[in-house]
Every structure is written in C-alpha cells, then in structure tokens.
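*Asks:* A structural model of the following input is requested.
(one chain, ligands or ions: 2)
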Amino acid sequence: MIVTTGAEKEILIEGGRHLAAILAALRARVAPGVTTEELNALAEEMILAEGDEPAFLAYTPEGGGRPYPATLCVSINDDVVHGIPNEPIKTLREGDIVSLDLGLRHNGIIVDSAVTVAVGAVSEETKKLLRATEAALAAGIAAAIPGKHVGDISHAIQKEIEGAGFTVIKELGGHGVGELVHEEPFIPNFGKPGEGEPLIEGMVLALEPISSAGKAAVTIAPDGYTFRTKDGSRSAHFEHTILLERAGARIITA
Ligand code: MG
Ligand code: MG
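*Replies:* Numbers count the residues shown, from 1 in each chain. Ligands and ions are numbered 1, 2, ... in the order given. Model prediction:
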C-alpha cells in the first residue's frame, strides 16, 4: 500500500509495535525441547489479546493451493520459509536454527516480520550465516530511499550475503504489504542498482533477505508450503516491514 494519511501511518506504526513485541516474546521462548506448535499458539494468543487478526492463517497465496493452516511460519534448519508448525508438530533441538515469520492485521493494515534464531549453541558457520542475513536486511533498508529503485535494495541485499560467502534464494523475496499479505512490487534479493520499479514516498514494503549456507536451489515439500534447500544446507531469513519516508525508510516492525 501507499500510506497517504496520518491516520494510516498511525495504524501502521501501532501494528508494527504489536508485531515486534510478539516476535520478541517468541524469540525469548525458543529453546531446546520447545515445540513448533507452542510457538504458533503463543503467536496466536498474543495477536488476539491485542484485538488484532493473524494475517497468514487461512491466507491462500496467489496461484491457488490450500489456505495456510497456521498463524506462524516456523522453518527449521534447511527449511527455508513457510514451514507449517502444526503439520507435523516438531521439537526444537540444541544446535538448530529456526525462522519465525509472522503477519498480523491491525485495524485493517497488515504488517509482516521474521527473524531466524539459534536454538542453544550453534556452530560458528551458522552464526556467520545469521549475522550476514541480518546485515543484508539492514543494507536493504538503508538502500530503500524514495527516488531510488527496487534494484538498489536487491543489490544491497545480494552484496551483503554473497560477500560473506553465502548464496541468495532466487525464488523468494520481499514485497509490498499493507492491504494484502503480498502486493506489488516484488523485491528480488538479487539485482542491479537503478533497475526495477521506482521507490515512492509512502510505500509500505516488507524486505526479506533469504540465504543459504550452500547452494541456492530449493524444492517445495509435499505439504505444498515448506520451501527447503535441495542440498540440505541451512537457510536464514530476516524481515522487516518498512515505510518509505522522504529521507529514507522507517522500520515499522523494529
Ligand atoms: Mg513474512
Ligand atoms: Mg513477507
């Protein structure tokens, strides 16, 4: 969406604050022995407690398929995105990484954010993957300035991830958000500066670098949702909803 009124901006900021608080609580709950369904239930309970609505539950992606059956996406290790927390319920183990991706609708406006969290102690290589992917999100946000282009964001993200020796998943990327879960423009996590759609003041975007520690090829699991790396490499994912203001991006879900 393009935010045009102060009232819309207030709702967006308030929704982002709610989502940030829930993701912080989920992150704090992550530990060996915790199940994916516990995290999903906590997310749903906290969203409803604020009078908001889960944005992913029952959402049917463009192109069909069945409605998404949970509130939270929980993707462990080589699961890239859209892991279903209750089909089947999985238990987190020491040394895993887990991506938590959540969207909510607050007074009609949708916000979307994700983090990848280490479960207990993880290897140095895994820490490096998480750091590089989070740094790529920061670089993408810094490049999101009205007057520039989608390709400036894409390039900044790609440079950060590949510069650290990892690869970018090409099938997935960021997107406009606000009225719908996924809106135009699509924001690839690779590209060239100056290319693609122009960035406009008031745009609400979800930037989401998604990386692999090995090869970038992915497959979709028989559940129709879970993207997985083909070679079994670990994957990380960080996402913020941002609002493009005149001078640059304001992070809505920080
Ligand atoms: Mg998301
Ligand atoms: Mg998203």
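
*Asks:* can you pull the contacts of the residue of the stretch 151-254 of the chain found nearest ligand 1?
*Replies:* Per C-beta to the ion, residue 239 is where the stretch 151-254 of the chain lies closest to ligand 1, at 4.8 Å. Every residue, glycine included, has its C-beta placed from N, CA and C. Counting by C-beta atoms under 8 Å, 6 or more residues apart in numbering, residue 239 makes contact with 101, 112, 113, 114, 115, 137, 174, 206, 207, 208, 253.

*Asks:* can you narrow these to ones near ligand 1?
*Replies:* With C-beta under 5 Å from the ion as the criterion, the contacts of residue 239 include 101, 112, 114 near ligand 1.

*Asks:* pLDDT score for the last one?
*Replies:* Pointing back at residue 114 there. Confidence at residue 114, expressed as pLDDT, is 98.

*Asks:* For the helix or strand it falls within, output the C-alpha coordinates as CSV.
*Replies:* In the assignment (DSSP states H and E), residue 114 maps to strand 109-118. The C-alpha trace of strand 109-118 is given here as CSV (Å, rounded to 0.1, in the frame of the first residue of the first chain):
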residue,chain,number,x,y,z
ILE,A,109,-3.5,-2.8,7.9
ILE,A,110,-1.1,-5.8,7.6
VAL,A,111,2.5,-5.9,8.9
ASP,A,112,5.0,-8.7,8.3
SER,A,113,8.3,-9.6,10.0
ALA,A,114,10.6,-12.5,10.5
VAL,A,115,13.7,-13.5,12.5
THR,A,116,16.0,-16.5,12.5
VAL,A,117,17.0,-17.6,16.0
ALA,A,118,19.7,-20.0,17.2
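
*Asks:* Specify the next element, helix or strand, located C-terminal of that strand.
*Replies:* helix 124-142.

*Asks:* List the buried residues in stretch 97-115.
*Replies:* By neighbour count on 16 or more other C-beta atoms under 10 Å, the buried set for stretch 97-115 is 97-106, 109-115.

*Asks:* wait, stretch 217-234
*Replies:* 218, 225, 226, 227, 228, 229, 233, 234.

*Asks:* ok, and the closest non-adjacent residue to the first one?
*Replies:* The reference is to residue 218. Residue nearest to residue 218 in three dimensions, not counting chain neighbours: residue 227, with 4.9 Å by C-beta to C-beta, 6 or more residues apart in numbering.

*Asks:* can you pull out the helices in the stretch 1-150 of the chain?
*Replies:* Taking DSSP state H, counting those that start in this stretch to define them, one finds helices in the stretch 1-150 of the chain at 6-29, 36-49, 124-142, 150-163.

*Asks:* how about the second one: buried residues?
*Replies:* The reference is to helix 36-49. Neighbour-count burial for helix 36-49, counted by 16+ other C-beta under 10 Å, picks out 36, 37, 38, 39, 40, 41, 42, 43, 44, 46, 47.

*Asks:* Tell me if it is near ligand 1.
*Replies:* No: contact between helix 36-49 and ligand 1 is absent, the nearest approach being 12.2 Å (criterion: C-beta under 5 Å from the ion).

*Asks:* just checking, what packs against that helix?
*Replies:* Under the contact definition 3 or more C-beta pairs under 8 Å, 6 or more residues apart in numbering; DSSP states H and E, helix 36-49 sits against helix 6-29, strand 53-54, strand 72-76, strand 97-106.

*Asks:* Please produce TSV containing those, extended by mean pLDDT and distance to ligand 2.
*Replies:* As requested, those are exported to TSV (pLDDT from 0 to 100; distance: least, C-beta to the ion, whole Å):
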stretch	mean pLDDT	distance to ligand 2
helix 6-29	98	12
strand 53-54	98	14
strand 72-76	98	9
strand 97-106	98	7
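
*Asks:* From residue 244, how far off is residue 202?
*Replies:* In this view, residue 202 and residue 244 are 6 Å apart by C-beta to C-beta, to the nearest Å.
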